[in-house]
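Engineer: Here is the input, now give the coordinates:
(one chain, ligands or ions: 1)
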Amino acid sequence: MNSEALHTESDLTIGGEVGLDPSVDDDARLAFRNALGQFCTGVTTMTTIAPDGEQVGITASSFNSLSLDPPLILWSIADDTPSFDCFTVGDPFVVNVLAADQQPVAMKFAQSGPDKFAGVKTQPGLRGIPIIDGCVAHLECEVEARHPGGDHDIIVGRVHRVFNLRKAPLLFHGGAFHSLPGQ
Ligand SMILES: Cc1cc2nc3c(=O)[nH]c(=O)nc-3n(C[C@H](O)[C@H](O)[C@H](O)COP(=O)(O)O)c2cc1C
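Structural biologist: As a prediction, this is how the structure comes out:
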């Protein structure tokens, strides 16, 4: 975008971080992250089973709907995360949409390490993939495609079975967890 054009737009020039190109320097990259953080999302934990039989879980806010017919969803996984190779085409996985009281679950699966499932109640879903108890919704999927996207891969999932428990969701905004007012 031409930053010259912004000088006449007072609503675009009042604020802390304006008109920055994220590829220029660390300050601009931080401004990019902060701007992305203004997009309020829900929080999911993606679960699957690794080729060695280990249960895998990773917290992800990049989840979104993609297609209704066929039923497809997407999310992105960082290329430097240990779970990167655990979601290959044809693999089953579950999107666990976290509830407002599941911030501890979100934090547990946002850290690398062994025993991530210790103390987390689950049930085996399709093809034995762990479904986390107490969530708002679950989508049981299979990886349909993976597409490179910079330092992440976009994972496209075909949805085979859904559960909607109709609870209050956990939200993520500005680098912090929230819940809907009154819930
Ligand atoms: C709220 C929140 C959202 C996150 N969203 C993503 C995401 O969309 N994609 C991703 O790769 N990592 C995301 N992360 C970071 C991963 O959860 C974290 O790197 C985790 O350690 C990955 O699991 P692993 O280390 O076992 O691979 C998120 C973390 C938090 C707290």
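Engineer: now residue 170: how far from residue 130?
Structural biologist: For residue 170, the distance to residue 130 (Cβ to Cβ, to the nearest Å) stands at 18 Å. No exception for glycine: its C-beta is placed from N, CA and C like everyone else's.
Engineer: Those two: which is more packed in?
Structural biologist: Comparing residue 170 with residue 130 by other Cβ atoms under 10 Å, the one with more neighbours is residue 170, at 25 against 22.
Engineer: Give the buried residues for the helix ranked longest in the chain.
Structural biologist: Here the longest helix in the chain is taken by residue count, with DSSP state H as the criterion, and it is helix 26-37. Using 16 or more other Cβ atoms under 10 Å as the burial criterion, the residues of helix 26-37 that qualify are 31, 32.
Engineer: Leaving out sequence neighbours, find the closest residue to residue 110.
Structural biologist: Distance criterion Cβ to Cβ, 6 or more residues apart in numbering; nearest residue to residue 110, sequence neighbours excluded, is residue 59 at 4.1 Å.
Engineer: Need the residues that contact the host helix or strand of residue 158.
Structural biologist: Secondary structure from DSSP states H and E places residue 158 in strand 152-164. By Cβ atoms under 8 Å, 6 or more residues apart in numbering, the surrounding residues in contact with strand 152-164 are 62, 66, 70-79, 84, 87, 93, 95, 125-126, 131, 136-148.
Engineer: so where do the helices sit in this protein?
Structural biologist: Per DSSP H, the chain carries helices over the ranges 10-13, 26-37, 103-108.
Engineer: Which one, of those, ends up nearest to residue 175?
Structural biologist: helix 26-37 (5.3 Å; Cβ to Cβ).
Engineer: neighbouring contacts of the closest one?
Structural biologist: Taking contacts as Cβ under 8 Å, 6+ apart, the residues outside helix 26-37 that touch it are 17, 20, 21, 22, 23, 173, 174, 175.
Engineer: What about these, which one has the most neighbours?
Structural biologist: Top of the contacts of helix 26-37 by neighbour count (other Cβ under 10 Å): residue 20, with 16 neighbours.
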